[in-house]
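Student: Compute the structure for the input listed below.
(2 chains)
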Amino acid sequence: MIRIGKYIEQFINWLTHNFNPFFKMVKVGVETMVDGVVGLFTFLPFYVVIALVAILAWRRAGWGIGVVTALGLSLIYAMGYWVPTMETLSLILVSAFIALIIGIPLGIWAARSKTAGRVMRPLLDFMQTMPAFVYLIPAVLFFGLGKVPGVFATIIFAMPPAVRLTTLGISQVPEDIVEATRSFGATPRQLLFKVELPLALPTILAGVNQTIMMSLSMVVVSAMIAAGGLGEIVLKGITQLKIGLGFEGGIAVVILAIILDRITQSFGKKKLKKNAK
Amino acid sequence: MMPKLKIENLTLIFGREQQEALQMLQQGKSKAEILEHTGATIGVKNASFEIEKGEFFVIMGLSGSGKSSLLRCLNRLIEPSAGKVLLNNVDITALPDADLQKVRRKEIAMVFQKFGLLPHRSVLENVAFGLELQGTPAAERLEKARNVIELVGLKGYENMMPAELSGGMQQRVGLARALANEPEVLLMDEAFSALDPLIRTQMQDELLDLQEKMHKTIVFITHDLDEAIRLGDRIAIMKDGEVIQIGTPEEILTTPANEYVSSFVEKVDRKAIITASSLMDTKPTTAVFRKDGPEGSLRKMRATGLKILPAVTVDKHFLGFVYLHEVLEVKQRGDKTIEAVIHRDVPVAHPDTTVEQMLPFIAETDKPVAVVNPANNKLLGLISQTSLIIETMGSQANPQA
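Tutor: Model prediction:
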């Protein structure tokens, strides 16, 4: 019998042991970010937050979505889940933000270098297909219980689409446009920022949307390691067999998902339309 | 004078075994042998030629002939495997990246078959793109871009997006973008091939007009010999990566280097290209006025079997034609000169008069056409009616066959 698990365990232990100060630093940093965002959302009166999000949804995705947003968030408030929803939203935003900060440059790198792309591909496959729960274990070992391991596991789970779609977007830029740009003496940097990224933007934004949606699903799961938020309510519903509680939490998650999806999708669509013109 | 562009033994090999393929090539092995042995394909084989400043140089070949690859070696969009490209005597192939970028920004600009415009930018921004890459301040580059836009006839389209324009208009944007950089050399890769025939002809005319004003050094790639002939000062014909003939359009048409070239030449409408100077007999028999009287003229007619002779002065000024029966008449009258029977009011051709322009002469039964120097009216040669008719009526036939 081959005990791969044993080696992975040893590796994780080795990481925990040797990089403890690093993990501590990351923990403090991420904690500060999450707490800051949660603090902001809960400091503002709920109706201000609802109004701001609804206006954003209306501007980006039309008045229909704006109304749905306002009603949905009001329902969440009325159900009494305002604070856990804001916690979940903060976790999503922080995780997705970090996933994008790491994922998009990795995607650019993979598009530029065939070797990098070849190395990254199986890793991304691995990250995406591994059952999400599994990430929770090393996350706890590195960071203990709480929000930070939740964010960590979420980043790993949600990053692949950002990397993939960035690579796809850049490699889809027509060869003749890249060639023309080079022929006018563009540096690789100019090529990237003036041509490749603008043209890949709709695809990259589709990746952003995917990353945010995957963050949402993972943030809920990470309630298992005490990340808090709506996941905790759903989890309570499962463990205590309280059907009503589970559905209430679930409905809040669905509302949040619809709002996030429509708003982030709208960015990609607007861009596409302008290009098609 | 130093050539603007000098290409020396330029070779381009696609594939991994570059060195080995290069060696085999130097040993004179064929393309097929090299492919079999190394798996490498020869893109361009030992191309050498020079292009003068202000010259419109056309490289013509079918797809796969290596013409586009050769063009891309000139600004190193493709790195040549061996050989040199000298621009103003500086070897481009040896330049480090930063200097190469400078050359691409300032000295060599390119126009593409598929236009290669930025779809997310307006016409104006596209035209200013090259200047933007150079770091030209916004106000200055937009000003320059507007000027060039006017030059290529795009005024009023500044704020449109490329996708809103027709193919011809898009290529004007491509041309304007290249011209905005004020390059010395313009590389045009099948620039008009994607356009409708009518638009294409129009663009060719406009390019020629522009070239008359700008005097850029242009390297133009095409698969169409008609286009090559219309545009080029000189044409290089490529086949299988090799340059097989370089010459002026007329040289290509009149003396094709081999079967391959002549197979193209056959399909060309020669009337508009072949000029009087290539059809004329440069040593025609003439009746020399005052020296040759009726007696002398008749002797020359008998010797050549001709019924008509051009009459010239002693220093070769063309006077007109004399006809056999009239010379006989003056002889019977006993005149000592042919002055009275010289037909002076005849149309003449100049050396660069094309066959097309000489078509009206054909009707003049049996009369040859005199070719004179437009500056001093001296007779340069004579085109017989026979060769004129063959050239106009028989231009579909292979002149070599």
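Student: Tell me how many other residues crowd the residue in the stretch 1-150 of chain A positioned nearest to chain B.
Tutor: Nearest to chain B, among the residues of the stretch 1-150 of chain A, is A:Lys114, at 14.7 Å (CB to the nearest CB). Yep, even glycine has a C-beta here, placed from its N, CA and C like the rest. The tally of other residues near A:Lys114 (other CB atoms under 10 Å in any protein chain shown) stands at 9.
Student: Quick check on it: phi, psi?
Tutor: phi -60, psi -40 (degrees, to the nearest 10).
Student: List, one by one, the residues from chain B near chain A.
Tutor: B:75, B:77, B:100-106, B:109-110, B:112-120, B:129-130, B:132-134, B:161, B:163-164, B:174, B:177, B:181, B:187 (CB under 8 Å from any CB of the partner chain).
Student: In three-state terms, label residue 86 for me.
Tutor: Assuming you mean chain A. What DSSP: H, G, I helix; E, B strand; the rest coil gives for A:Met86 is helix.
Student: try again with chain B
Tutor: Assignment for B:Leu86 (three-state DSSP): strand.
Student: thinking again about what came up before, look up the pLDDT of the residue of the stretch 1-150 of chain A closest to chain B for me, please.
Tutor: A:Lys114 is assigned 89 on the pLDDT scale.
Student: and if you look at B:Ala176?
Tutor: 95.
Student: correct me, but B:Leu12 touches B:Pro80?
Tutor: Yes. Applying CB atoms under 8 Å as the test, B:Leu12 and B:Pro80 come out as touching, 5.2 Å apart.
Student: Pull up the overlap in contacts between the two.
Tutor: B:Val44, B:Cys73 (CB atoms under 8 Å, 6 or more residues apart in numbering or on different chains).
Student: Count the neighbours of the residue of chain B found nearest chain A for me.
Tutor: Chain B approaches chain A most closely through B:Gly116 (2.9 Å), counting by CB to the nearest CB. By other CB under 10 Å, the residues close to B:Gly116 number 25.
Student: Spit out the contact partners of it.
Tutor: Applying CB under 8 Å, 6+ apart, the residues contacting B:Gly116 are A:Pro174, A:Asp176, A:Ile177, A:Glu179, A:Ala180, A:Thr181, B:Gly174.
Student: Confirm that it sits in a strand.
Tutor: No. B:Gly116 sits outside any strand when classified using three-state DSSP, being coil.
Student: For it, report the pLDDT, please.
Tutor: pLDDT, B:Gly116: 93.
Student: Kindly report the same for B:Ala363.
Tutor: Value for B:Ala363, per-residue pLDDT: 66.
Student: Check B:Lys155 too.
Tutor: Looking at B:Lys155, its pLDDT is 90.
Student: shaky segments in the chain?
Tutor: You didn't say which chain, so I picked chain A. For chain A, applying pLDDT under 70 flags the ranges A:270-277.
Student: wrong chain, I was asking about chain B
Tutor: B:1, B:363-366, B:393-401.
Student: For A:Met127, list the residues it contacts.
Tutor: Taking CB under 8 Å, 6+ apart, one finds A:Ile156, A:Phe157, A:Met159, A:Pro160 in contact with A:Met127.
Student: Chain neighbours aside, what residue packs nearest to the second one?
Tutor: Setting aside the residues directly before and after it, A:Phe157 is nearest to A:Met218 in space (CB to CB, 6 or more residues apart in numbering or on different chains), at 4.5 Å.
Student: A:Ala132 versus the one you found, what's the distance?
Tutor: 6 Å (CB to CB, to the nearest Å).
Student: How about A:Tyr7?
Tutor: 22 Å.
Student: the helices in chain A, which residues?
Tutor: A:4-18, A:20-43, A:46-61, A:63-79, A:82-112, A:114-129, A:133-143, A:147-171, A:175-183, A:188-190, A:197-221, A:230-239, A:243-276 (DSSP state H).
Student: Could you do the stretch 151-300 of chain B as well?
Tutor: B:167-180, B:197-214, B:225-231, B:249-254, B:259-265, B:276-279, B:294-304 (DSSP state H, counting those that start in this stretch).
Student: deepest of those, which one?
Tutor: helix B:167-180 (a mean of 24; mean count of other CB atoms under 10 Å in any protein chain shown).
Student: Residue in the stretch 51-200 of chain A with the shortest distance to chain B?
Tutor: Closest point on the stretch 51-200 of chain A to chain B, by CB to the nearest CB, is A:Ala180, at 2.9 Å.
Student: Go ahead and confirm that residue touches B:Phe112.
Tutor: Yes. With contact defined as CB under 8 Å, A:Ala180 reaches B:Phe112; the gap is 5.5 Å.
Student: list the residues that contact both of those two?
Tutor: B:Gly174.
Student: ok so, going back, mind checking which of A:Tyr7 and A:Ala132 has more residues around it?
Tutor: Applying other CB under 10 Å to A:Tyr7 and A:Ala132 shows that A:Ala132 carries more neighbours, namely 20 against 10.
Student: if I pick that one, what's in contact with it?
Tutor: By CB under 8 Å, 6+ apart, the contact list for A:Ala132 reads A:Ala153, A:Phe157, A:Ser217, A:Met218, A:Val221.
Student: re the thing from before, nearest to B:Gln357, out of the helices of chain A?
Tutor: Among these, the nearest to B:Gln357 by CB to CB is helix A:175-183 (40.5 Å).
Student: Quick one: residues in contact with that closest one.
Tutor: Contacts for helix A:175-183 (CB under 8 Å, 6+ apart): A:190-191, A:194-196, A:199, B:75, B:77, B:104, B:109-110, B:112-119, B:129, B:174, B:187.
Student: hmm, which two among the contacts of A:Ala132 are most spread apart?
Tutor: Farthest-apart pair in the contacts of A:Ala132 is A:Ala153 and A:Ser217; separation 11.4 Å (CB to CB).
Student: the more surrounded of those two?
Tutor: Set side by side, A:Ala153 and A:Ser217 show more neighbours around A:Ala153, with 28 against 17, by other CB under 10 Å.
Student: ok, the nearest residue to that one once chain neighbours are set aside - contacts?
Tutor: Distances taken as CB to CB, 6+ apart place A:Tyr135 nearest to A:Ala153, at 3.9 Å, with adjacent residues excluded. Each residue near A:Tyr135 by CB under 8 Å, 6+ apart is listed here: A:Phe152, A:Ala153, A:Ile156, A:Phe157.
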